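Novice: I need the structure of the sequence given here:
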Amino acid sequence: MKQNSRKYFLYLSATTANLLAFTCGIAYGWSSPAIPKMNGSIDPNDLHLTYPINSSEESWIVSLLSIGAIIGPIFAGKLADKLGRKKTLIVLVCPILAAFLMMAFAKTVIEFYFARFIMGLDVGSVFMILPMYLVEIAEDHNRGTLGCLMGVFLSLGTLFAYLTGPYLSVQNFCLVCTVPMLIFLPLFSVWNPESPQYLAARNNPEQLKTCLSKLRNQPVEAVEKEIVSMTHMIQELNRNKGGIKELFSARNLRKGLIISVVLISLQQFSGINAVLSYMQTIFSATQSELSPEISSLVVAIIQVCVTLLTSVLVDRVGRKVLLLTSLTGSAISLIALATYFFLLDNHFNVSALSWLPVLSLVVFIISYNLGLASVPWAVIAEIFPPNVKSLALTLTTVVCFIGASIITLYFPSMVSFFGMASSFWIFGGV
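Specialist: The predicted model follows:
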């Protein structure tokens, strides 16, 4: 109990930092309640724009977030190494705040395209820098928990979007989405310290002592051993600076990169972003007794609960067990959902199975968030040494958002060409 009570500053620092992850969750969940309003399927008199958007325009609005996220990490790593993790995260708030304000007052679909792309640049950068910051402020015994905390806040952000979006106009919804960022800026700027590893790399011993003393909630004398160990590690790594050549030529680093890319590819091509971005649209295509808004909300609440459970289990059960369990449950639930749509498309009477779409997506969200949502990011941040961590995170984050942009851009076309059933069979097959 005494040890846990000493960690309050560390956990509060991680919580404050994760308000940015919360914002990223909102960005991804935003389209689920907003798109049906903008295309006129809910209320033709409340379109936000002067005309209803078509399927091509809605797929671009959704996918430009992920397309922008491909580019963001390329520059974010260098910025984090130059300015520091803390200052970089503060800088990243401004564009996404401007993007939500732009969408609130947008008059044309082109403005939405631009805003979503700018938002994506920030989201991709946050996905790279935030796990790095969380892992670097953590201790060995809670590194997995703090790494998975990002997944919890992403889920909370999505829940926030599903909870508020259906009941607000698009303009008011966009304005409400700026509130977490306005809370983040003063709290994170004043409360959170810089990453101790960054301070050690910058050879700033006084700030490093103060930083670690605050994070560990112990006097400076009690963290001297960790300071010496960290400083020695940074010095060794500076003598062996890593680059793209080392990442691909060194066997251990190459293996780590393969593991990272495979994990992220499985994560994205499971179809998670198609499910989250088009949740209400998917439920509208079913004959469920629950409304699409309520069904989406149920799924989002369960998502939050499971990500919280994962953050507790990850350091106790292990990464591999959670991932295998997650993959198995995701496959079974997606195949069940595909079967429902197959029966529906072939004019079978599915009234007795009206519960199956909601149950399938609930099981999918539970399974996905049990491992696939958070564990890959925790693993990627852990398996690379600091001299190549920034580069490795950049490459895997780019792969992540290439997958996300492909799925979100082409999901409406997949459904149109293959049908809902075949689309979800493909995701289940992955």
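Novice: hey, let's count contacts and neighbours off CA atoms from now on
Specialist: Will do.
Novice: What's the local residue count around the nearest residue to L159 once chain neighbours are set aside?
Specialist: With sequence-adjacent residues excluded and distances taken as Cα to Cα, 6 or more residues apart in numbering, L159 is closest to A300, at 5.0 Å. By the criterion of other Cα atoms under 10 Å, A300 has 27 neighbours.
Novice: Could you do the one 10 residues further on as well?
Specialist: Other residues within reach of T310 by the criterion other Cα under 10 Å amount to 28.
Novice: residues contacting P73?
Specialist: For P73, the contacting residues are L121, G124, S125, M128, T394, T397, V398, by Cα atoms under 8 Å, 6 or more residues apart in numbering.
Novice: quick one on the thing from earlier: average pLDDT across whichever strand or helix holds the residue nearest to L159?
Specialist: Element membership for A300 (DSSP states H and E) is helix 292-317. Averaging pLDDT along helix 292-317 yields 75.
Novice: wait, doesn't A21 sit right on F153?
Specialist: Yes: look at A21 against F153 with Cα atoms under 8 Å: they come within range, at 5.6 Å.
Novice: one step back: chain center to the helix holding A300, what's the gap?
Specialist: 14 Å (Cα atoms, centre = their mean, to the nearest Å).
Novice: Next secondary structure after that helix?
Specialist: helix 319-345.
Novice: Would you mind pulling the contact partners of the helix or strand following that following helix?
Specialist: Note on helix 319-345: by DSSP H and E, the next helix or strand toward the C-terminus is helix 356-367. When contacts are defined by Cα under 8 Å, 6+ apart, helix 356-367 is touched by residues 283, 286, 288, 295, 298-299, 302-303, 306, 325-331, 333-334, 336-337, 340.
Novice: Low-confidence regions, the stretch 1-150 of the chain specifically.
Specialist: Scanning the stretch 1-150 of the chain for pLDDT under 70 picks out the ranges 1-6, 43-48.
Novice: Tell me which of the contacts of P73 fall in helices.
Specialist: Within those, residues falling in helices by DSSP state H are L121, G124, S125, M128, T394, T397, V398.
Novice: And the helix holding A300, what does it pack against?
Specialist: helix 143-164, helix 279-284, helix 356-367 (3 or more Cα pairs under 8 Å, 6 or more residues apart in numbering; DSSP states H and E).
Novice: rank the ones you listed by mean pLDDT and give me the bottom one.
Specialist: With a mean of 71, helix 279-284 has the lowest mean pLDDT of these.
Novice: List the contacts of that one.
Specialist: With contact meaning Cα under 8 Å, 6+ apart, helix 279-284 is reached by S32, P33, P36, V275, S291, P292, E293, S295, S296, P357, V358.
Novice: Next: stretch 132-151.
Specialist: Contact with stretch 132-151 is made by 10-11, 14-15, 18, 21, 85-86, 131, 195-197, 215, 307-308, 310-312, 314-315, 369, 373-375, 377-378, 381-382, 390, as judged by Cα under 8 Å, 6+ apart.
Novice: Quick check: buried residues in that stretch?
Specialist: 132-138, 143-151 (16 or more other Cα atoms under 10 Å).
Novice: same deal with stretch 351-364?
Specialist: Going by neighbour count (16+ other Cα under 10 Å), the buried part of stretch 351-364 is L356, P357, V358, L359, S360, L361, V362, V363, F364.
Novice: and these as TSV, adding distance to N252?
Specialist: Formatted as TSV, these follow (distance: Cα to Cα, whole Å):
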residue	distance to N252
L356	44
P357	43
V358	43
L359	41
S360	39
L361	38
V362	38
V363	36
F364	33
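Novice: L10 versus L134, what's the distance?
Specialist: From L134 over to L10 the distance is 10 Å, taken as Cα to Cα, to the nearest Å.
Novice: L327 too?
Specialist: From L327 to L10 the distance is 31 Å (Cα to Cα).
Novice: same thing with F112?
Specialist: Applying Cα to Cα to F112 and L10 gives a distance of 38 Å.
Novice: what does V176 give?
Specialist: Here V176 is placed at a distance of 28 Å from L10 (Cα to Cα).
Novice: and those two? which has more neighbours close in?
Specialist: L10 (22 against 18).
Novice: From the ones in helices among the contacts of P73, pick the one nearest L159.
Specialist: Distance to L159 across the ones in helices among the contacts of P73 (Cα to Cα) is lowest for G124, with 20.1 Å.
Novice: Skipping adjacent residues, who's closest to the closest one in space?
Specialist: What sits nearest to G124 in space, not counting adjacent residues and going by Cα to Cα, 6+ apart, is A69, at 3.9 Å.
Novice: Quick one: residues contacting the one you found.
Specialist: So A69 contacts F117, M119, G120, L121, D122, V123, G124, S125, V398, F401 (Cα under 8 Å, 6+ apart).
Novice: Filter those down to the buried ones and hand me the PyMOL line.
Specialist: To isolate the buried members of the contacts of A69 in PyMOL, using 16+ other Cα under 10 Å:
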select buried, resi 117+119+120+121+122+123+124+125+398+401
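Novice: Any chance of the contacts of A69 in TSV with distance to P95 as columns?
Specialist: Shown next, in TSV, are these (distance: Cα to Cα, whole Å):
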residue	distance to P95
F117	10
M119	7
G120	10
L121	9
D122	7
V123	10
G124	12
S125	11
V398	19
F401	18
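Novice: Near L182, how many other residues are there?
Specialist: L182: 14 surrounding residues under other Cα under 10 Å.
Novice: so the strand or helix carrying it versus helix 143-164, what angle?
Specialist: If you go by DSSP H and E, L182 is part of helix 179-191. Calculated by axes from the mean of the first three to the mean of the last three Cα atoms, to 10 degrees, helix 179-191 forms an angle of 150 degrees with helix 143-164.
Novice: in the stretch 301-430 of the chain, which ranges drop under the pLDDT threshold?
Specialist: For the stretch 301-430 of the chain, the stretches with pLDDT under 70 are 311, 314-315.
Novice: so V350 makes contact with L344?
Specialist: Yes: V350 lies in contact with L344 (Cα under 8 Å); the separation is 6.4 Å.
Novice: Pick out whichever of those two has more residues nearby.
Specialist: L344 (19 against 16).
Novice: Which secondary structure elements does the helix or strand where S413 lies sit against?
Specialist: Using DSSP H and E, S413 sits in helix 386-418. If you count contacts as 3+ Cα pairs under 8 Å, 6+ apart, helix 386-418 packs onto helix 55-83, helix 109-137, helix 224-239, helix 244-249, helix 251-268, helix 272-277, helix 375-383, helix 420-429.
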